Every structure is written in structure tokens, then in C-alpha cells.
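> predicted coordinates and the sequence they were generated for:
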Amino acid sequence: MIKKLSKAVLVGVLALGITATANTSAEAATHKVMWGKTELKVGQIGKVTILADTDLVKIGANGSLSKVRTLKKGEEYRVYTYKSSNGGLYGLGASSFVQKGSKVKYETPSKSKLALLNKEVNGGLVPKAGMKLTYSPSFTENTKRDFVTTVIKEDGYIQTILTVPGKQYESYVYNEINNVESKQIFSFGVNHTDWGLFAIEFPLIEGKQTKEIFYDEENNRVTQNIDVISTTSTVKVKAGTFQNVVIFKSKEYGVTFYLAPGVGIIKAVGNDGNTVGELISFK
């Protein structure tokens, strides 16, 4: 695990090892909380996905239903209300409803999605176990690398390790651990070394500040405030387009990080505009 964050070593590695010019598409700072195909909004209680063509209906004065139009398979709609009449009706707004049944799938938003309505993130930024992630550049090397992920939970902390298959010591690690101040620390660095790319405190709230943590040359713990640029951006990289991306910039190392829920870092860009890490594929 990361023992400390060494500025001198890390900055030297990044300066010497990364020369690729940033070529990712600029992020569209939508500041929308996306949930699948739709935007999650205040007052929304859930969403329906249309599994087979079905009717959008209105309720008449006598309680009967009349068709407004056809909702197509694969479409998603926000749900604001629910009525138990007529076998169950999901209210989609504008006094229109879709009937509960086998033609629709109803879901409620997770706690993390609801927190994003306040632009707040408290976790969920690491890749899941068993994923294959391909980066080019790959953080401290200007080359393509394939990593597989392993998740370890023990002693009150969670480690997510990115390992190059067949090369035990060529790996990176995400750490999620509560410190002595009962603050949750989220970090990423080179496994089994002192090299850390970032260590910050949750929660991350868009437009607010959080603590960045590092150790100086005398091994003294240092903290400083950094800005959380976004928690709700949509960002396109070579691996695809990601929603609800967290963006922050390390003052200590001058690198801007982009992290997608359930995937981790999708992009990292230095002060000079050079890309120091980009996700090019994942599964």
C-alpha cells in the first residue's frame, strides 16, 4: 500500500516519462445528474424504462383512461407520482401516466444518485473487481498498459488494485480508508511504493473545497485546500463517454484528474496540457 506521497519522486517520473499531447475531447460540463438516458431532477421519485411499446394515457373525469400516444421500447421517462388506481399508474408529468405491468420497468434512484442532486460524492469512484482497463499513456509510462482489478477489504479500509497480468509488482492502487480524524481518505498511487498521484478527503462537492494530503521530504503530513471542479460533468475519452464525472486538480502535482463512477480515472492531464493517463478501453 502507499506509505506516503512523495512529491519529488512523482513529479520527476511524470516529467521524464510522459510526453503525449492531450488529445481527448474537452468535457461538456453539463452540471446535470444523468441516470441512464435521462436527467435526474428534484422531485423525481423514479424512472420507467419501456420494455415493449405501450400507451401514454390520461385519466378522464369518470376515471377512465384515454390514449395520448405510444411510448416506444427502449425509451426512459422520469416518474414524479404513483397512483394505485387502474392497476397502478406511474405519473410522468403533465397529467400523463403509464400503466404498471410487464411492459415497463420501474426503478428508484440510489442514495448516491440522490446525493448528486446536491452535487456531492462520497465514494463509488473505483473500478469493480474483475475489470480489464487499458490505459495509454499509463500514468508514469508513455505506453499502453492492460490492467485487471482486484478488490481487497480488510481492517477498515478498501483497496482496489490495478495489476498488469503476469507482472506482480507493476501495479497501482486505490485506497479508501478512515483516518484518525474519522475522515474518509481516497487515494491513488503506485502499489508497494511511496509514489502517490493524489490523496483527498470525501465528501467531494462541486464548487466547494476539499483537503489534499501529502508528505514532504521530511515525511511530515501536509494538507491544503483544493477545488472540486465538478461532480456532474459528461466527459468523452477514447474509451467512450462517461456521465457524472468528478474533476479536481492537485495543487501539489499540477495534474487534473477525471474519475467516472464504477470505473475510476478516465483521464489525467498535467499543467502543460500533456495527458499523463487516458482510459482507451474497459470491460
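Okay, I see it. None of these values were measured; they are calculated from a predicted model. Residues are numbered from 1 along each chain as shown.

> so Leu71 touches Thr49, yeah?
No. Using CB atoms under 8 Å, Leu71 is not in contact with Thr49; the gap is 10.1 Å. All C-beta atoms are positioned from the backbone trio N, CA, C, and that covers glycine.

> neighbour-wise, which of these two wins?
Counted by other CB atoms under 10 Å, Leu71 and Thr49 do not tie: Leu71 has more neighbours, with 22 against 16.

> roughly how far does the residue located most distally from the centre of the chain sit from Ser85?
No residue in the chain sits farther from the centre than Asn62, which is 47.5 Å out by CA atoms, centre = their mean. Counting by CB to CB, to the nearest Å, the gap from Asn62 to Ser85 is 12 Å.

> now do Pro203
41 Å.

> same thing with Asp146?
From Asp146 across to Ser85, the span is 55 Å (CB to CB).

> the two: which has the busier surroundings?
Under the criterion of other CB under 10 Å, the comparison of Asp146 against Ser85 puts Asp146 first, with 15 against 10.

> nearest residue to the more buried one other than its sequence neighbours?
In space, and not counting its chain neighbours, Asp146 is closest to Thr134: 5.1 Å by CB to CB, 6 or more residues apart in numbering.

> element containing that neighbour?
strand 132-138 (DSSP states H and E).

> could you do Ile226 as well?
strand 221-237.

> for the closest residue in space to Glu39 that isn't next to it in sequence, give me the pLDDT.
Using CB to CB, 6+ apart and skipping the chain neighbours, the partner closest in space to Glu39 is Lys32 (4.7 Å). In this model, Lys32 is scored at 78, pLDDT.

> what is the three-state secondary structure of Lys32?
coil (DSSP: H, G, I helix; E, B strand; the rest coil).

> what about it, distance to Asn219?
Lys32 is 43 Å from Asn219, by CB to CB.

> cool, Ala61 as well?
Following CB to CB, the distance that separates Ala61 from Asn219 is 76 Å.

> with Gly254 instead?
From Gly254 to Asn219 the distance is 22 Å (CB to CB).

> where along this protein do the helices fall?
7-17, 111-116 (DSSP state H).

> lowest-confidence stretch among those?
helix 7-17 (a mean of 44).

> and Gly254 and Asn219? which has more neighbours close in?
Shown here are Gly254 and Asn219; by other CB under 10 Å, Gly254 has more neighbours (13 against 10).

> what's the neighbour count on the residue nearest to Glu39?
17.

> isn't it right up against Leu117?
No. In this structure, Lys32 is not within contact of Leu117 by CB under 8 Å, at 10.3 Å.

> for the stretch 51-200 of the chain, what spans make up the strands?
Secondary structure of the stretch 51-200 of the chain (DSSP state E, counting those that start in this stretch): strands at 54-59, 65-71, 76-79, 81-83, 89-93, 96-99, 104-107, 120-121, 132-138, 145-154, 157-164, 167-178, 184-190, 196-201.
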